[in-house]
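*Asks:* structure for this input, please:
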Amino acid sequence: MADTFLDRIKLTWDLSAEDIKNRVDSLIKTVRDVYDKVGNLKENELTYENTIQAMTNNDSYYSVQRNMLDFPQHVSAKKEIREASTEADKKLSEFDVEMSMRQDVFDNLVAFQSKTDVSKLKPEAKRYLEKLIKLGRRNGLHLAKDIQDQIKAMKKRASDIAIDFNKNINDENTVLEFTEKELDGVPADVIKRFEKTSDGKCKVTLQYPDYFPVMKKCRNPETRRQMEFAFNSRCKEANTKIMEELVEIRHKKSQLLDFPTHAAFILDMRMAKKAESVATFLKDLSQKLRPLQDKELKRFLQYKEEECKELGIEFDGKINYWDMRYYMTIAEEREYSIDHNKLKEYFPLDHVTTGLLNIYQELLGLKFKEVENPPVWHEDVQMFTVIDVATDQFMGHFFLDLFPREGKFSHAACFGLQPGCLEPDGSRQSAAAAMVANFTKPTSDQPSLLTHDDVETFFHEFGHVMHDILGQTDFTYFSGTRVERDFVEAPSQMLENWVWEKESLSRMSKHYKDGSAIPDELMDKLVKARNANAGVFNQRQILLGTFDQTIHTKDKADTQSIYAEISKDVLQIPATPNTNMCAAFGHLADGYDAQYYGYLWSEVYCMDMFHSRFKKEGIMNPKVGMDYRKYILQPGGSMDAIDMLKKFLGREPSQESFLISKGLQA
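*Replies:* As a prediction, the model looks like this:
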């Protein structure tokens, strides 16, 4: 036990559907009691211990218990558990809304603030009190009761239907059938993996390990067209309705709270502060990228014309959605001579994992140890302990759940499961986080092989895991990745740079057959190819960010036509008629609403951090790694991101490295 520290983890994954249901009711009762106690205090009875301390102790307890009940919806192999977990999430989300609208608790927090010399509170406690009061105001608790009731009803409805939106995506199980001839160009190992029908056709799902190889490599445009149409029609009927209702609810709620739009409401709590700043940032970047994008699209058209002649197919003179990834891949292969299928052979998952974990350990002064026979939710899952090398202090646990299975969360993400914070008795609760992904499973004659994109995803999501584990805050509210949403991606994006550097790449790659290193020539080409298709790739990110901002600055939105219009304008590729990509755009129902711009926004900071410190002083320099841990990861959300950045950089942040990284002049 001492070695594995399993006594420090409060999570259990063997709950039945009935257990989940019962625990939800019990948890709601326990937490409501805490709110009742705080809310029932008279003004002269208010103390730090019975208000602030009581609230933060409750945050810690509730966070762990809730994660145990609502995380299984994303990972359990049993449908009844996933359904019970989804229902638990709904019930608890409704309860969250109810507790966030507690007038009595809000009034007592305001009263405590006015009677207390807050300058004498610890900085984190003062920040926590200010945040709770600001959140109360953002929930309308300073407004009349009838308006509060409207806000509460809207929040409950939005929460319920957002859960349905993501459940619909997770449950999506469309299968298309193609002959091997129709899949001409798709790598043999991918074809081999596909399940076969009785008449020998390949069964192709819309999950990433099936979808992307077909879209990138299949020479048959009709096959790609069918795949893209199905992919961008996922959950179209149900989820288009849900998303458009969410837009209306969000707008009405924001107006009741005296914000002109939902985007204005959201950005009030972000680094960007105003919708105008985001619009300017996206528009300026789009204009700067336009010449690069035009050049790329022109090349794609040349390649398409050549291939149409070769295949005897009519050339339609345009790049369609089902052409985009295919010709991006061809451009990369021809212009940089990179064969991604060949490159994949140098990234067997086991070796990548070992190399990646070693890099993180060395850089951040940590030691990871795998737990044997771990208590986990599925046999595929690995569990590790994290120890600080300098002090031998136990920091937390992380889980790796890397392969697809039916009903599982379909993207890659980090889930914080147990926040690192102080316990009621002053001791430290260790953190726990899970990385969930969908990498290709090994077969009888071949290990799991990752594309370079997969390796980048692994590095990125594991960066979030480290942020969760290494945050050393007193309060759950600020633990780990709980920073401003338009900064949260920066620490992980910064770490993606390691998969583009020879020194680190050579440590996590070897040929799966003979153990040989990536040849220098291939390595050089890969590093040079980082900016391949940068114009089109980044315009797609701008399209998604602009779409998100556009629908969230309106009172109602026809998402399909708005997306089509912006796609034509920004990406210069028309959306396929009768599709609606937005219906499976999970971010917009999962906490990224009016915030998708944050991926590009935070890249400004990530590139500044990387080039100003790591690239200059050494990418494996342990001093820079420890500074990064101390100034960026350790504070969690206990201070503003801009202040963390200034401490790490020793100056104000700059856009220069970001623009250069996109192949643009600063």
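
*Asks:* buried stuff in stretch 445-460?
*Replies:* Buried residues in stretch 445-460, defined by neighbour count with 16 or more other C-beta atoms under 10 Å: 447-452, 454-460. C-betas here are computed from N, CA, C, even on glycine.

*Asks:* and the two most separated of those?
*Replies:* With C-beta to C-beta as the measure, no two of the buried residues of stretch 445-460 lie farther apart than Pro447 and His460, at 22.0 Å.

*Asks:* show me where the stretch 551-666 of the chain has helices.
*Replies:* Here the stretch 551-666 of the chain has its helices, by DSSP state H, counting those that start in this stretch, at 559-566, 598-609, 615-617, 622-628, 641-649, 656-661.

*Asks:* which among these is found nearest to Cys414?
*Replies:* That would be helix 598-609 among the helices of the stretch 551-666 of the chain, by C-beta to C-beta, at 14.9 Å.

*Asks:* ok so, going back, Serialize the buried residues of stretch 445-460 to CSV and add fields for pLDDT.
*Replies:* What follows is the buried residues of stretch 445-460, written out as CSV (pLDDT from 0 to 100):
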residue, pLDDT
Pro447, 96
Ser448, 97
Leu449, 96
Leu450, 97
Thr451, 95
His452, 96
Asp454, 96
Val455, 98
Glu456, 97
Thr457, 97
Phe458, 98
Phe459, 97
His460, 97
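
*Asks:* between the residues you listed, which sits nearest Lys152?
*Replies:* His460 (36.6 Å).

*Asks:* any idea how far that closest one lies from Leu246?
*Replies:* Using C-beta to C-beta, to the nearest Å, we find His460 at a distance of 27 Å from Leu246.

*Asks:* do Leu297 as well
*Replies:* Leu297 is 33 Å from Leu246, by C-beta to C-beta.

*Asks:* thinking again about what came up before, just name the closest of the buried residues of stretch 445-460 to Leu522, please.
*Replies:* His452 (10.7 Å).

*Asks:* does the closest one touch Glu345 like I think?
*Replies:* No: the criterion here is C-beta atoms under 8 Å, and His452 misses it with Glu345 at 11.6 Å.

*Asks:* what residues are up against the residue sitting nearest the centre point of the chain?
*Replies:* The chain has Ala413 as the residue nearest its centroid, 5.1 Å off, counting by C-alpha atoms, centre = their mean. Residues counted as contacts of Ala413 (C-beta atoms under 8 Å, 6 or more residues apart in numbering) are Met435, Val436, Glu461, His464.

*Asks:* so where is the stretch 551-666 of the chain shaky, pLDDT-wise?
*Replies:* For the stretch 551-666 of the chain, the stretches with pLDDT under 70 are 666.

*Asks:* how deep is the residue nearest to Asp171 when sequence neighbours are not counted tucked in, by neighbour count?
*Replies:* Closest residue to Asp171 apart from its sequence neighbours, by C-beta to C-beta, 6 or more residues apart in numbering: Gly407 at 6.9 Å. A count of nearby residues for Gly407, using other C-beta atoms under 10 Å, gives 19.

*Asks:* for Gly407, helix, strand, or coil?
*Replies:* coil (DSSP: H, G, I helix; E, B strand; the rest coil).

*Asks:* kindly report the same for Leu132.
*Replies:* helix.

*Asks:* then Ala434?
*Replies:* Once three-state DSSP is applied, Ala434 turns out strand.

*Asks:* His397 is in contact with that one, correct?
*Replies:* No: proximity of Ala434 to His397 does not meet the contact threshold set by C-beta under 8 Å, at 9.3 Å.

*Asks:* check which helix or strand Thr440 maps to.
*Replies:* Element membership of Thr440, judged by DSSP states H and E, is empty: it is in no helix or strand.

*Asks:* sorry, wrong one. I was asking about Ala153.
*Replies:* Using DSSP H and E, Ala153 falls within helix 145-171.

*Asks:* list the buried residues in that helix.
*Replies:* So helix 145-171, judged by 16+ other C-beta under 10 Å, has buried residues 148, 151-152, 154-170.

*Asks:* by contact count, what packs against that helix?
*Replies:* Contacts defined by 3 or more C-beta pairs under 8 Å, 6 or more residues apart in numbering; DSSP states H and E place helix 145-171 against helix 72-75, helix 79-100, helix 236-256.

*Asks:* coming back round to it: what bridges to the residue nearest to the centre of the chain?
*Replies:* Val436 (DSSP bridges).
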